[in-house]
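Novice: Make a model of this:
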Amino acid sequence: MKQLAVDEATDAGQAALTEMSAEVLKISDTLNATLGPDDIAAADQHLRRAALVVENELREMKRPESDG
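Specialist: Numbering: from 1, shown residues only. The predicted model follows:
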């Protein structure tokens, strides 16, 4: 496997962040055009709750099982 130089890795990371930022902006624009402020607030709450559930599930998966 080829090892990247620091500059190459930084350039690749910066390019990925730029691309992700553009995609997030598209999603944000679509939501703002489609949903009203109350709908956006409700969606935000649902997504935050879902993220907490996923975080807790990941923590549970990493925790070693006890024998009793």
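
Novice: so what does the lengthiest helix in the chain touch, helix or strand wise?
Specialist: In terms of residue count, the longest helix belonging to the chain (DSSP state H) is helix 6-34. In terms of contacts (3 or more C-beta pairs under 8 Å, 6 or more residues apart in numbering; DSSP states H and E), helix 6-34 is packed against helix 37-62. To be clear about C-beta, it is placed using only N, CA and C from the backbone, and glycine gets the same treatment.

Novice: model confidence over the longest helix of the chain, on average?
Specialist: Throughout helix 6-34, pLDDT has a mean value of 89.

Novice: Please apply the same query to stretch 46-53.
Specialist: What stretch 46-53 shows for mean pLDDT is 96.

Novice: what about that stretch, distance to the chain center?
Specialist: Stretch 46-53 sits 12 Å away from the centroid of its parent chain (C-alpha atoms, centre = their mean, to the nearest Å).

Novice: Mind listing what's buried along it?
Specialist: Across stretch 46-53, burial judged by 16 or more other C-beta atoms under 10 Å covers no residue at all.

Novice: Identify the residues contacting that stretch?
Specialist: Residues from elsewhere that reach stretch 46-53 (C-beta atoms under 8 Å, 6 or more residues apart in numbering): none.

Novice: what does the domain assignment say about this protein?
Specialist: Per the record, the chain has its domains at 1-34, 36-68, by automatic domain parsing.

Novice: Show me the residue at the heart of this structure, geometrically.
Specialist: For the chain, the residue nearest the mean C-alpha position is residue 51 (9.2 Å; C-alpha atoms, centre = their mean).

Novice: From residue 61, how far out is residue 55?
Specialist: Applying C-beta to C-beta, to the nearest Å, the value for residue 55 to residue 61 is 11 Å.

Novice: can you check residue 18 too?
Specialist: The value you get for residue 18 to residue 61, if C-beta to C-beta is used, is 32 Å.

Novice: So which of those two has more stuff around it?
Specialist: residue 18 (10 against 7; other C-beta atoms under 10 Å).

Novice: what sits against that one?
Specialist: Residues near residue 18 by C-beta under 8 Å, 6+ apart: none.
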